[in-house]
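A.B. asks: how would this look folded up:
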Amino acid sequence: MRRLTTAGRLLACAVLLLACAQAQAKEWRRIVPLRSTRAQVERQLGKPRNGFYELKAERVFIYFSGERCAGGEGWDVPRDTVVRIFITPKTKLRFAALRLDLRRFEKTTDPSVTAHALYSDKEAGLTYTVYEGGGDNNGVIVHIAFDPTARDDKLFRCPASD
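C.D. replies: Numbering: from 1, shown residues only. Here you go, the predicted structure:
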């Protein structure tokens with residue numbers, strides 16, 4: 001695997017920052033949870049390899065819906081609709097470098113990895129997983145998740161089965 005030069009790292013960070021800025025619009029590369037389809041994703045990115053997309057600056061997993069409200073859970077959207085976009089950056093990007101308004105985010109601890117803090121903006125459907133375990137990687141973004149927004153949750157969430 002080829003190592004990125006400093007210029008390559010800067011370009012990769014710029015691309016990732018652009019993707020994060022697009023998150024404010026509830027989309028990633030024009031892919032929107034609960035609105036975009038598998039066919040649209042594949043036209044734009046091609047078919048995934050091994051279940052994910054290997055891009056220059058990130059690895060991307062895109063999750064699709066199954067049957068509508070199967071078992072009374074999930075989303076009331078057609079099969080093969082994007083329900084989540086999960087990104088793992090390939091370069092170190094510090095959360096503080098994004099200069100986000102943290103008042104919009106709720107901070108919690110990842111229950112499975114206590115060194116990871118989750119910064120969630122439910123209105124925008126955006127969650128950053130940030131390493132906060134100290135050392136050189138402290139404050140580095142581990143994952144970025146694009147999920148349905150709080151408004152989408154009210155519009156498209158399947159009713160709970162009793």
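
A.B. asks: mind checking how far Leu100 is from Ile144?
C.D. replies: In this structure, Leu100 and Ile144 are 12 Å apart, going by CB to CB, to the nearest Å. To be clear about C-beta, it is placed using only N, CA and C from the backbone, and glycine gets the same treatment.

A.B. asks: More neighbours: those two, which one.
C.D. replies: The residue with the greater number of neighbours, taking Leu100 and Ile144 and applying other CB atoms under 10 Å, is Ile144; the counts read 25 against 17.

A.B. asks: would you say that one is within a strand?
C.D. replies: Yes. Residue state for Ile144 (DSSP: H, G, I helix; E, B strand; the rest coil) corresponds to a strand.

A.B. asks: any idea what sits nearest it, other than its immediate chain neighbours?
C.D. replies: The spatial neighbour of Ile144 that comes closest, neighbours along the chain excluded (CB to CB, 6 or more residues apart in numbering), is Ile87 at 4.4 Å.

A.B. asks: Also Thr109?
C.D. replies: Leaving aside its chain neighbours, Thr109 sits nearest to Ala117 (6.2 Å; criterion: CB to CB, 6+ apart).

A.B. asks: any idea which element the one you found lies in?
C.D. replies: strand 116-121 (DSSP states H and E).

A.B. asks: What strands flank the very next helix or strand once past that strand, and is each parallel or antiparallel?
C.D. replies: Secondary structure here is assigned by DSSP H and E; on that basis, the next helix or strand after strand 116-121 toward the C-terminus is strand 126-131. Paired strands of strand 126-131, with direction, are strand 116-121 (antiparallel), strand 141-146 (antiparallel) (DSSP bridges).

A.B. asks: In PDB, could you pull the C-alpha coordinates for strand 126-131?
C.D. replies: In PDB, the C-alpha atoms belonging to strand 126-131 read as follows (Å, rounded to 0.1, in the frame of the first residue of the first chain):
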ATOM      1  CA  LEU A 126     -24.700  13.100  12.200                       C
ATOM      2  CA  THR A 127     -22.500  11.300  14.700                       C
ATOM      3  CA  TYR A 128     -18.700  11.600  15.100                       C
ATOM      4  CA  THR A 129     -16.800   8.900  17.000                       C
ATOM      5  CA  VAL A 130     -13.700  10.500  18.500                       C
ATOM      6  CA  TYR A 131     -10.800   8.800  20.200                       C
END
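
A.B. asks: Show me how far that strand is from its chain's centre.
C.D. replies: Centre-to-centre, strand 126-131 and its host chain are 9 Å apart (CA atoms, centre = their mean, to the nearest Å).
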